[in-house]
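Asks: let's see this in three dimensions:
(one chain, ligands or ions: 1)
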Amino acid sequence: MSTLNETARAIVAPGKGILAADESTGTIKKRFDTIGCESTEDRRRAYREMLFTTKGADKYISGVILYDETIRQSASDGRPLPKILEEQGIIPRIKVDKGTTPLAKSPNELVTDGLDGLRARLVEYRELGARFAKWRAVIDIGDGIPSQYCINVNAHALARYAALCQDEGIVPIVEPEVLMDGDHSLERCSDVTTATLLTVFDELIDQRVELDGMLLKPNMVMPGKKFSGGKAAPEVVAKATVSCFRETVPAAVPGILFLSGGQDDVEATANLDAINKLGPHPWQFSFSYGRALQAAALKAWKGDDANASAGQAAYLHRAHMNGLAASGTWTQAAENAA
Ligand code: 13P
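Replies: Okay, the predicted model is just below:
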């Protein structure tokens, strides 16, 4: 068993998943705007310190994805934020892409930047303690999109990033996100997710990426947020998602960690739980949620340190519920027990 494989397996240990706290400065500002908090470097630091010092979160959280600014920040007691995570046995990791930019010759589509100088940055991050990295590609569904051209260039970049990570001893989290913002049906999401994953795995294999030394971070298969037919039940999402992955994801991949993509907190938990209740599966299915793990905590914190323990309680509850969902043992009664 390779070291990459051992590391990848540690992250998808049963009942555990990832907190995605790697919002860029622009994205965290949008989140802070919703609670009326100014996005200063100090408030961003205080918010992340509140999350990372939550006692007991390590029972459900195996790793946290950080933004470049955070990996260099310290808590109010002077300890570096990544060190606070490591002291609890939580592995800090880093987002290494540089965000999306309009795709040449197809201005309504996006491609992810960040390959220039990536090997040197990976070496620096490895020296700062990162053992995992993340790269997110975005595929939008709309009139006439996505084009196969957009899927191809994003898949090619994901594979170049993944191969570079493995060369440097870092486990790549490969994130091809098919957005849920549109008015499309579940069937359309399934078709686009299938085409995207097939292309991504073709590229990963062409570029010699070891499939047992990477993790996949995909969307679930579900209708768009503006679909006229409304939401699909967790059992329907689960069946469509598992059937899509059985057609596209090689069993050598150790783990599939979903993004929440704008799902409500409990919806993201219920869907993951329903997916795991359909098991056993060839892969470990877990979570790598950003919004669905943080929304309640952010609302309780309100930008004020006096509310830190309320924020931590809200975060711990969501981490616990998603930990149960990661092993298919979540119940509405556990949800309500908070
Ligand atoms: P969401 O769970 O909010 O989609 O964030 C996950 C993530 O890391 C997106 O890149």
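
Asks: near the ligand, which residues of the stretch 101-250 of the chain?
Replies: For the stretch 101-250 of the chain, the residues in contact with the ligand (Cβ under 6 Å from any ligand atom) are 136, 175. The C-beta positions use only the backbone N, C-alpha and C, and glycine is treated the same way.

Asks: please repeat the previous calculation with a cut-off of 5 Å.
Replies: Within the stretch 101-250 of the chain, the positions near the ligand by Cβ under 5 Å from any ligand atom are residue 136.

Asks: I figured residue 221 hits residue 240, correct?
Replies: Yes: using Cβ atoms under 8 Å, residue 221 is in contact with residue 240, at 4.2 Å.

Asks: neighbour count winner among these two?
Replies: Shown here are residue 221 and residue 240; by other Cβ atoms under 10 Å, residue 221 has more neighbours (28 against 20).

Asks: now the common contact residues for residue 221 and residue 240.
Replies: Counting by Cβ atoms under 8 Å, 6 or more residues apart in numbering, the contacts common to residue 221 and residue 240 are 186, 190.

Asks: residues contacting residue 16?
Replies: Contacts for residue 16 were tallied using Cβ under 8 Å, 6+ apart; they are 59, 60, 61, 62, 286, 323, 326.

Asks: give me the buried subset of these.
Replies: 60, 61, 62, 286, 323, 326 (16 or more other Cβ atoms under 10 Å).

Asks: where's the last one relative to residue 191, distance?
Replies: Here residue 326 is placed at a distance of 27 Å from residue 191 (Cβ to Cβ, to the nearest Å).

Asks: and residue 298, by the same measure?
Replies: 34 Å.

Asks: ramachandran angles for the residue lying closest to residue 208 once chain neighbours are set aside?
Replies: Residue nearest to residue 208 in three dimensions, not counting chain neighbours: residue 163, with 6.3 Å by Cβ to Cβ, 6 or more residues apart in numbering. Main-chain torsions, residue 163, degrees, to the nearest 10: phi -70, psi -40.

Asks: now swap in residue 131 and tell me
Replies: Dihedral angles (degrees, to the nearest 10) for residue 131: phi -110, psi -10.

Asks: who's in contact with it?
Replies: 7, 91, 93, 169, 170, 171.

Asks: do you know the pLDDT at it?
Replies: Here the pLDDT value assigned to residue 131 is 84.

Asks: next: residue 282.
Replies: Reported pLDDT for residue 282: 97.

Asks: now do it against the ligand, distance only.
Replies: Applying Cβ to the nearest ligand atom, to the nearest Å, the value for residue 282 to the ligand is 23 Å.

Asks: just residue 176 next, same as before
Replies: The value you get for residue 176 to the ligand, if Cβ to the nearest ligand atom is used, is 11 Å.

Asks: count the residues that sit near that residue.
Replies: 24.

Asks: if we can go back for a sec, for the ligand, state which of the buried ones among the contacts of residue 16 is nearest.
Replies: residue 286 (12.5 Å; Cβ to the nearest ligand atom).

Asks: which element is the closest one on?
Replies: Residue 286 belongs to strand 284-289 when assigned by DSSP states H and E.

Asks: same thing with residue 189?
Replies: helix 186-206.

Asks: which parts of that helix are buried?
Replies: 186, 188-197, 199-201, 203-204.

Asks: and if you look at stretch 254-271?
Replies: Buried, per 16+ other Cβ under 10 Å, within stretch 254-271: 254-263, 265, 267-271.

Asks: what of stretch 148-155?
Replies: 150, 151, 153, 154, 155.

Asks: now do the contacts for residue 160.
Replies: Going by Cβ under 8 Å, 6+ apart, residue 160 touches 115, 207.

Asks: one more time with 6 Å
Replies: residue 115 (Cβ atoms under 6 Å, 6 or more residues apart in numbering).

Asks: from here on, call the first residue 49.
Replies: Yep, numbering from 49; the last one is residue 208 now.

Asks: in a strand, residue 140, correct?
Replies: Yes: according to DSSP: H, G, I helix; E, B strand; the rest coil, residue 140 belongs to a strand.

Asks: and for the residue of the stretch 99-248 of the chain found nearest the ligand, the neighbour number?
Replies: Using Cβ to the nearest ligand atom, the closest approach of the stretch 99-248 of the chain to the ligand is made by residue 184 at 4.3 Å. For residue 184, the neighbour count with other Cβ under 10 Å is 21.
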